[in-house]
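[1] After the sequence you'll find the predicted model.
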Amino acid sequence: NAGVMQNPRHLVRRRGQEARLRCSPMKGHSHVYWYRQLPEEGLKFMVYLQKENIIDESGMPKERFSAEFPKEGPSILRIQQVVRGDSAAYFCASSPTRQGIQPQHFGDGTRLSIL
Amino acid sequence: DAKTTQPNSMESNEEEPVHLPCNHSTISGTDYIHWYRQLPSQGPEYVIHGLTSNVNNRMASLAIAEDRKSSTLILHRATLRDAAVYYCLPNTDKLIFGTGTRLQVFP
């Protein structure tokens, strides 16, 4: 009974490159959430998706960031033209229903470093 | 969104009970109260959640005030593995993490 799987665990990119972070939710979970955590800070909500739909992207920067959760395959968080300030840990969580009724289950994150 | 207040840090000795408080005075009537904890270099781990009644599970107990403006996470017998940052989150769809309480457990 695999948990939420995120890959890669560590990702190094140079400024201006693209970063693609993948998240496979737990089996049976159709709700996916992405969070970002800067060093020594709490997690900040970025985006909430349900299969093929973005439900809430209020925490995601308007430029360079995008997220998708296709009918088949993992959810992808994409960061174009990365800058040093994008260095952070990115966590994905999933739940079987809307949050509030069932808890979110988190992956161990992708640590993105920008050179 | 409801605002939460938690102590920055707490300490406990092994085998002792720990009571972690959280104030969420602006919580709405439909917001569940969630508690998560995060160990170093790991993602948050769900601990417990509730709406109005006190809740128990194998990890902890959650005591919710009658007016729902505060709650307390109770670890009945702290172990070294319980050392983590504990987050109290009264939210619905998106979890809004504050700075949490860093719990230190001493042998």
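    Alright, I've got the coordinates.
[2] what about the strands in chain B?
    For chain B, the strands defined by DSSP state E cover B:9-13, B:18-23, B:32-38, B:45-50, B:55-56, B:61-64, B:70-75, B:84-91, B:101-106.
[3] And chain A, by the same measure?
    Assigned by DSSP E, the strands in chain A fall at A:5-7, A:10-13, A:19-24, A:31-37, A:43-50, A:53-56, A:65-68, A:75-79, A:88-95, A:105-106, A:110-114.
[4] Make CSV from those and add mean pLDDT and mean neighbour count to it.
    For every residue, glycine as well, the C-beta is placed using N, CA and C. Formatted as CSV, the strands of chain A follow (pLDDT from 0 to 100; neighbours: other Cβ atoms under 10 Å in any protein chain shown):
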stretch, mean pLDDT, mean neighbour count
strand A:5-7, 96, 17
strand A:10-13, 98, 14
strand A:19-24, 98, 20
strand A:31-37, 94, 24
strand A:43-50, 93, 22
strand A:53-56, 93, 14
strand A:65-68, 97, 18
strand A:75-79, 98, 20
strand A:88-95, 95, 25
strand A:105-106, 93, 22
strand A:110-114, 97, 18
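[5] To chain B, which of those strands lies closest?
    strand A:105-106 (3.5 Å; Cβ to the nearest Cβ).
[6] Run the chain-centre distance for that closest one.
    Strand A:105-106 sits 11 Å away from the centroid of its parent chain (Cα atoms, centre = their mean, to the nearest Å).
[7] Check which helices and strands that strand is in contact with.
    When contacts are defined as 3 or more Cβ pairs under 8 Å, 6 or more residues apart in numbering or on different chains; DSSP states H and E, strand A:105-106 sits against strand A:88-95, strand B:45-50.
[8] I'd like these laid out as a markdown table, including distance to B:Leu80.
    Converted to a markdown table, the helices and strands packed on strand A:105-106 look like this (distance: least, Cβ to Cβ, whole Å):
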| stretch | distance to B:Leu80 |
| --- | --- |
| strand A:88-95 | 24 |
| strand B:45-50 | 16 |
